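Engineer: Have a look at this fold, sequence not included:
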């Protein structure tokens with residue numbers, strides 16, 4: 001009797017494990033878009049707070065509603081210039097991010113789904129400074145910080161494996177004593193293997 005119950009319980013557990021493995025999927029993709037730096041550019045002669053961004057991502061969907069995702073985002077270059085009597089100063093900051101996030105999915109229709117994600121990012125800011133005039137100068141610096149990242153997005157299935165993906169993300173970028181927010185909106189493709 002006990003053997004029979006153990007055998008049935010083992011079969012149920014094995015069935016559940018196989019069911020979970022069958023619904024698990026690996027996916028990957030790429031997207032491109034625009035990022036925006038929250039700097040207010042006060043006192044600058046010229047200032048660009050928008051840049052082209054792109055992202056490469058890969059995930060493991062272990063449940064229809066949950067996944068874990070890793071990604072690399074190039075958040076673009078942001079530039080500013082300041083002029084003083086007889087001199088100008090220019091700054092350029094390149095930003096990138098490696099991220100690991102938990103993703104919650106919700107299926108709205110058979111083609112359309114939405115997702116929200118929350119994770120941690122290793123954000124790198126590489127800056128260069130040029131000064132011209134009576135005392136020309138050049139300097140460069142790099143800062144890497146760990147920051148929270150969050151995002152919202154939608155997927156629209158084009159085929160069983162391929163989906164169109166659009167997402168909005170936000171994370172902080174630290175450079176020296178400054179800490180700004182970089183938000184990006186990307187559109188791309190996601191492929192389920």
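Structural biologist: It's in. Model, not experiment: these values are computed from the prediction. Numbers count the residues shown, from 1 in each chain.
Engineer: low-scoring pLDDT stretches of this protein, where are they?
Structural biologist: Along the chain, the model assigns pLDDT under 70 to residues 1-23, 40-45, 134-135.
Engineer: Just the helices from it, written as ranges.
Structural biologist: Taking DSSP state H, the helices of the chain run over residues 2-23.
Engineer: need the strands for it, in chain order.
Structural biologist: Along the chain, the segments classed as strands by DSSP state E run 25-37, 46-48, 50-63, 66-84, 87-107, 112-132, 137-157, 162-175, 178-192.
Engineer: export the ones you listed to a markdown table and tack on mean neighbour count?
Structural biologist: Quick note: C-beta positions are derived from backbone N, CA and C, even for glycine. Output for these, formatted as a markdown table (neighbours: other C-beta atoms under 10 Å):
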| stretch | mean neighbour count |
| --- | --- |
| strand 25-37 | 18 |
| strand 46-48 | 15 |
| strand 50-63 | 17 |
| strand 66-84 | 18 |
| strand 87-107 | 17 |
| strand 112-132 | 17 |
| strand 137-157 | 15 |
| strand 162-175 | 19 |
| strand 178-192 | 17 |
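Engineer: Spatially nearest residue to residue 24 (excluding sequence neighbours)?
Structural biologist: Residue nearest to residue 24 in three dimensions, not counting chain neighbours: residue 62, with 4.9 Å by C-beta to C-beta, 6 or more residues apart in numbering.
Engineer: Tell me how far the one you found lies from residue 167.
Structural biologist: Look at residue 62 and residue 167: by C-beta to C-beta, to the nearest Å, they are 20 Å apart.
Engineer: for residue 80, same thing?
Structural biologist: The spacing between residue 80 and residue 167, counted by C-beta to C-beta, is 27 Å.
Engineer: Run the chain-centre distance for stretch 68-84.
Structural biologist: A distance of 12 Å separates the centroid of the chain from that of stretch 68-84, by C-alpha atoms, centre = their mean, to the nearest Å.
Engineer: can you check stretch 111-120 too?
Structural biologist: Distance, centroid of stretch 111-120 to centroid of chain: 12 Å (C-alpha atoms, centre = their mean).
Engineer: can you list the residues that contact it?
Structural biologist: If you take C-beta atoms under 8 Å, 6 or more residues apart in numbering as the criterion, stretch 111-120 is touched by 67, 69, 99-108, 146-157, 167.
Engineer: what do you get if the cut-off is 10 Å, keeping everything else the same?
Structural biologist: 59, 64-71, 98-108, 146-158, 163-165, 167, 169, 171 (C-beta atoms under 10 Å, 6 or more residues apart in numbering).
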